[in-house]
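Mind folding the following:
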Amino acid sequence: MAGRQTKQALLMVLWLSTCMFILCSSASLSSRVGGRNISFTYKEGKGERGPKEWGSLSPKWRACGNGKLQSPIDVLSHGVEVSPELGKLQRDYKPAPATVKNSGHDIMVKWKADAGQIRVNETYYKLVQFHWHTPSEHTFNGSRFWFLPNFPKIYITQRTILSGMIINLFTHNKTTKLDD
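Coordinates of the predicted model:
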């Protein structure tokens, strides 16, 4: 079972990496609001169209200029709480047809059929879609990563659970062989 999950995880990372190279082109993002594209970035500074300016980019985004606990956030290691009572996350993913859409600010994969589920403390969550931001929407201890996938799963009663993983590209040692 563990070997199957490892293989599934490796295939998922390989697939995500391939999609990223195909679909992503720049750190300048856009979002379709009211029939027009509004560009924005995660960079701070005057004229950068970054998070501090989002509230003024569109009337529909006005709340972005007023909020205190909103995206993007910097997740700090010392503020993370581990909740062992949640138990182990058990995955049961399976192949299913899906569509991939690049909206300009995120890339979403939406399954057209049953793609599996996860289980947390005997509660099952169906995998419906996942999306990712590139560069990552959030930072971790001040560092922004290449992309951050979010895996929303919808439970039968319409409760949502959101899990994520950090993916950072790195240079490997070119002398290392895959079969070592």
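
Please enumerate the helices of the protein.
In the chain, the helices defined using DSSP state H lie at 2-23.

mind saving the C-alpha coords of stretch 130-146 as CSV?
Only the C-alpha atoms of stretch 130-146 are listed here, as CSV (Å, rounded to 0.1, in the frame of the first residue of the first chain):
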residue,chain,number,x,y,z
PHE,A,130,-7.4,21.4,-7.1
HIS,A,131,-5.7,24.6,-8.2
TRP,A,132,-2.3,26.2,-7.7
HIS,A,133,-0.8,29.7,-7.9
THR,A,134,2.5,30.5,-9.4
PRO,A,135,4.4,31.9,-7.9
SER,A,136,3.0,30.7,-4.6
GLU,A,137,0.3,32.9,-3.3
HIS,A,138,1.5,32.6,0.3
THR,A,139,5.0,32.8,1.7
PHE,A,140,6.6,30.6,4.3
ASN,A,141,8.9,32.3,6.8
GLY,A,142,9.2,35.1,4.2
SER,A,143,10.1,32.8,1.2
ARG,A,144,7.9,32.5,-1.8
PHE,A,145,7.9,29.1,-3.6
TRP,A,146,7.6,28.3,-7.3
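
State the mean pLDDT of that stretch.
Averaged across stretch 130-146, the pLDDT comes to 75.

mind starting the numbering at 49 from now?
Renumbered: residue one is now 49, and that last one reads stretch 178-194.

hmm, which helix or strand of the protein has the shakiest average pLDDT?
Lowest on mean pLDDT, DSSP states H and E among the helices and strands of the chain sits strand 196-202, with a mean of 53.

What residues are bridge-paired with Val157?
Val148, Phe178 (DSSP bridges).
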